[in-house]
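Undergrad: Take this sequence and fold it.
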Amino acid sequence: MYNVLIIGAGSMGLATGYHLDLAGAKVTFLIRPHHKKDLDRPQVLYSLDDNSVKQYTGYTYLTDPSEIAGKDWDFIVVTLDRIGLKSEEGVKLVKKIGEVVRDSKIKTGVLVGTVGIGIRPWFLETSGIPDDQVTNAVLGVQCYPPRIAKLPINGKQLPDADQAYVHCYPYGFCVDDTSRSVAEAFSKLYNKCGVSKCAIKPAGQYASELDPCFVIFAGCELMNWPKFSEIEVNSDLWKLTVKAAKEVQGLDIHGEAGKKLASETTEKGLAGEMVEWEKSCLPLGIRDFNRYHHGGKVVKQDRIHLRECVEEGEREGKDMSGLREVLRRLGAN
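TA: Predicted structure coming up:
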């Protein structure tokens, strides 16, 4: 049986843990002590894919980072956001993870589910974990806590649940190939769940698709969160949003995949892609989800990410005037 440690038990942590449990893995969460009361009872998950309630009970948890030592973990999945990961407490935890991985009798694969420019190099340097044991990861389902975010589904409130989720892509989890061995081993395990798939994408494609998403969310905030199907593709705000997104796509750190994507992106084409995403998320209204998530819950780290994209572009000698203007209009430059 695979032993998997998940750092954090928020939306990403619980959704990932649930599918790994279905795959036959033994899942342990590392949580802060005040979250103990939440995991002392079964987790109630609501699947918007088939409108069914799932009971998630097959897990254990730890509240002290020192307790992760002395165990051989097949995988460690880090679900902390950028702010949490780079906080004083987060840095100590990353160093602890490094000690555990280096002392392990087996080769532990680490998946870093934290968005940010240069996060993986920073994580490698801080943890001291070998390069071939760490890869990037992102949750592929839209997942949120309906007890907190009371988003209407078809005009109604969901039954009481800890997390609700919907598969809006052909996969529920995604990793890049910065460590091909970790990506393939984790994907093989995850896919055993039988109800969700883990995709593996080339690193350049992975980053050039993910990083510009936060530009789009910022643009939607400036437009007061319209439905994607209602966006005027010739409006000044959408043109500015797409210009900024193309700037991010074309960063040198995204390689040839990013440059190709930037050359192919148009106002009409990008709007069309977003409309298809909007449809695939139903019955979840992605406008309401994005307003809650990117307009509130993670807005601070989204801003940091966009500023880091500007800084990276300037290091590369790129024109980042579109993204700078987006940030200026948001009052976040």
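
Undergrad: Contact partners for Pro212?
TA: By C-beta atoms under 8 Å, 6 or more residues apart in numbering, the contact list for Pro212 reads 245-246, 248-249. Where C-beta positions appear, they are placed from N, C-alpha and C, glycine not excepted.

Undergrad: at 7 Å instead, please
TA: Shown in contact with Pro212 (C-beta atoms under 7 Å, 6 or more residues apart in numbering): 245, 248-249.

Undergrad: Endpoint to endpoint, stretch 261-275 covers what distance?
TA: 18 Å (C-alpha to C-alpha, to the nearest Å).

Undergrad: ditto for stretch 111-131
TA: OK, stretch 111-131 end separation, C-alpha to C-alpha: 12 Å.

Undergrad: List the buried residues for that stretch?
TA: 111-117, 119-120, 122-124, 126-127, 129 (16 or more other C-beta atoms under 10 Å).

Undergrad: Narrow those residues to those in strands?
TA: Residues of those located in strands (DSSP state E): 111-112.

Undergrad: CA atoms only for stretch 63-83, dumped as PDB, please.
TA: The C-alpha trace of stretch 63-83 is given here as PDB (Å, rounded to 0.1, in the frame of the first residue of the first chain):
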ATOM      1  CA  THR A  63      -0.800  18.200  13.800                       C
ATOM      2  CA  ASP A  64       2.900  18.400  14.600                       C
ATOM      3  CA  PRO A  65       5.400  18.600  11.700                       C
ATOM      4  CA  SER A  66       7.900  16.600  13.800                       C
ATOM      5  CA  GLU A  67       5.500  13.600  13.500                       C
ATOM      6  CA  ILE A  68       6.100  13.200   9.800                       C
ATOM      7  CA  ALA A  69       9.700  12.000  10.500                       C
ATOM      8  CA  GLY A  70      10.500   8.400  10.900                       C
ATOM      9  CA  LYS A  71       8.100   7.300   8.200                       C
ATOM     10  CA  ASP A  72       8.700   6.300   4.600                       C
ATOM     11  CA  TRP A  73       6.300   8.300   2.400                       C
ATOM     12  CA  ASP A  74       5.800   7.200  -1.200                       C
ATOM     13  CA  PHE A  75       4.500  10.700  -2.000                       C
ATOM     14  CA  ILE A  76       4.200  14.000  -0.300                       C
ATOM     15  CA  VAL A  77       1.700  16.400  -1.800                       C
ATOM     16  CA  VAL A  78       2.100  20.100  -0.700                       C
ATOM     17  CA  THR A  79      -1.100  22.100  -1.000                       C
ATOM     18  CA  LEU A  80      -0.100  25.300   0.700                       C
ATOM     19  CA  ASP A  81      -0.600  28.600  -1.100                       C
ATOM     20  CA  ARG A  82       2.300  30.800  -1.900                       C
ATOM     21  CA  ILE A  83       1.900  33.000   1.100                       C
END
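
Undergrad: Which residue, other than its chain neighbours, is closest to Lys243?
TA: Using C-beta to C-beta, 6 or more residues apart in numbering and skipping residues adjacent in sequence, the residue nearest Lys243 is Gly322, 3.6 Å away.
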